[in-house]
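Enquirer: sequence unknown, structure follows:
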């Protein structure tokens, strides 16, 4: 089974560590952090090491709500949002790529939540990420 990188509990994922693992994708990471600061000034990105998965994950929170989770992979990062079934119709109407919608529709729920994962290798993928983050931030 594939596992995310950043498995060393003692190595905080600072810019240098991220650049080592992301390579050219680091520019997309920088665009993500700049976009979060500009579009969601009340939001924050928080790194934490999780023992259950033995990896560092980044959590985007808006006020007290977790918007999404970010994991680092070899030359990419994955951003996962979790939605309940009642969000399916709204997501179908969002201005995101048809491929992303199709991928989400084929996912099976884990309990009551359904994951919506976007693998980011270029800045182009961030368009869908920001649309989903805006939608998720507005949910009650």
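Expert: On my side now, so go ahead. In this text, all values refer to a predicted model and were calculated from it rather than measured experimentally.
Enquirer: these two touch, right, residue 22 and residue 70?
Expert: No: between residue 22 and residue 70 there is no contact under C-beta atoms under 8 Å: 11.4 Å. Every residue, glycine included, has its C-beta placed from N, CA and C.
Enquirer: Just the helices from this protein, written as ranges.
Expert: For the chain, helices defined by DSSP state H occupy the ranges 15-22, 26-39, 88-93, 98-105, 126-138.
Enquirer: Quick one: list the elements packing against the third one.
Expert: Applying 3 or more C-beta pairs under 8 Å, 6 or more residues apart in numbering; DSSP states H and E, one finds that helix 88-93 contacts helix 98-105, helix 126-138.
Enquirer: Of all residues in the protein, which one is nearest the centre?
Expert: The C-alpha lying nearest the average C-alpha coordinate of the chain belongs to residue 79 (C-alpha atoms, centre = their mean; 2.0 Å).
Enquirer: Contacts only, for that residue.
Expert: Residues in contact with residue 79 (C-beta atoms under 8 Å, 6 or more residues apart in numbering) are 68-70, 117-118, 120, 129.
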